[in-house]
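K.L.:
sharing a model that was predicted from the sequence below.
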Amino acid sequence: MVVAAMALLTTTTSFIPAQAAVKAGDRCSREGAVTRIGGDRYVCTKNPRFPNERRNWVWIGCIQANTLYTDSVKRLENLKTGLIAAKAKLDELIAELPAAEAKAKEFDAKILSTQVKLDAAKANYEENRTKGAAYARATEQWNNAVKSYERAIVSFKRAADNWRAKSSEVSAQQQRLNLQSQTIAASEVEIKSNLKGRNQACQRRL
């Protein structure tokens, strides 16, 4: 009878899994150890929601949710760093505008003075051209002067446009700044959502 009872006990306990007594939230010792409880994976670690407590069996979904949360926090930090740099760049561009406009006006003045020279050179060219072959050399010289002044005017206009492009850079930088601010606002909403999800996934499962 005793032998039969012992045999029955041995047969029954052999079907109980070795980890059947382990429960979610139970304390554990080996960091990173993995087990299954109720079909879900659990990791031996500190619950990120309760970092001051000892290691216990934490649901893998909690770890994943915490990773989403911490990653979103890092992204926000990077975005804020980028925003500071973008603001500094905008301030730099704005500070450069007066000097850039002054330079552009310098080239405007050069364009006007060169245009006067160009008009005079064209007049001299036409005058000498009508005088015939005897004035061929003078005609050629005035023609070369016309071309030189035309090239100078093109160059001066390009320079003036480049200096005035600073205002366009300011506008473009302001748009980038606005976009970064919007992204930060969206990131802050994302963090709140991820934190809520983390807290739900990492609640104590005793």
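P.N.:
That came in fine, so what should we check first?

K.L.:
contacting residues around residue 107?
P.N.:
Neighbour list for residue 107: 156-157, 159-160, 163 [criterion: CB atoms under 8 Å, 6 or more residues apart in numbering]. Heads up, the C-betas are built off the backbone N, CA and C, glycines and all.

K.L.:
how about the strands in the chain?
P.N.:
Along the chain, the stretches classed as strands by DSSP state E are 34-37, 40-45, 56-59.

K.L.:
buried residues in the first one?
P.N.:
Neighbour-count burial for strand 34-37, counted by 16 or more other CB atoms under 10 Å, picks out 35, 37.

K.L.:
returning to what we had before: so which of the strands of the chain gets nearest residue 143?
P.N.:
Set against residue 143 and scored by CB to CB, those come closest in strand 40-45, at 85.9 Å.

K.L.:
which other helices and strands contact the closest one?
P.N.:
Applying 3 or more CB pairs under 8 Å, 6 or more residues apart in numbering; DSSP states H and E, we find strand 40-45 packed against strand 34-37, strand 56-59, helix 60-129.

K.L.:
let me know which of these is tucked in deepest.
P.N.:
Across those, the average number of neighbours (mean count of other CB atoms under 10 Å) peaks for strand 56-59, which reaches a mean of 23.

K.L.:
need the residues that contact it.
P.N.:
22-28, 35, 37, 40-48, 201-202, 205.

K.L.:
pull out the buried members of these.
P.N.:
24-25, 28, 35, 37, 42-45, 47-48, 201-202, 205.

K.L.:
pull the helix or strand with minimum mean pLDDT from the protein.
P.N.:
helix 2-13 (a mean of 34; mean pLDDT, DSSP states H and E).

K.L.:
any low-confidence regions in the protein?
P.N.:
Applying pLDDT under 70 to the chain flags residues 1-21, 205-206.

K.L.:
can you rerun that using 50?
P.N.:
For the chain, applying pLDDT under 50 flags the ranges 1-19.

K.L.:
so who does the residue lying closest to residue 174 once chain neighbours are set aside touch?
P.N.:
Excluding its sequence neighbours, the residue lying closest to residue 174 (CB to CB, 6 or more residues apart in numbering) is residue 90, at 6.3 Å. Shown in contact with residue 90 (CB under 8 Å, 6+ apart): 170, 173-174, 177.

K.L.:
can you say which of the contacts of residue 107 are buried?
P.N.:
Looks like the contacts of residue 107 have 156, 159-160, 163 buried, using 16+ other CB under 10 Å.

K.L.:
pipe the residues you listed into CSV and attach distance to residue 109 per row.
P.N.:
Output for these, formatted as CSV (distance: CB to CB, whole Å):
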residue, distance to residue 109
156, 9
159, 12
160, 10
163, 13
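
K.L.:
just the residues you listed now: which is nearest residue 148?
P.N.:
Closest to residue 148 out of those is residue 156 (12.5 Å), distances taken as CB to CB.
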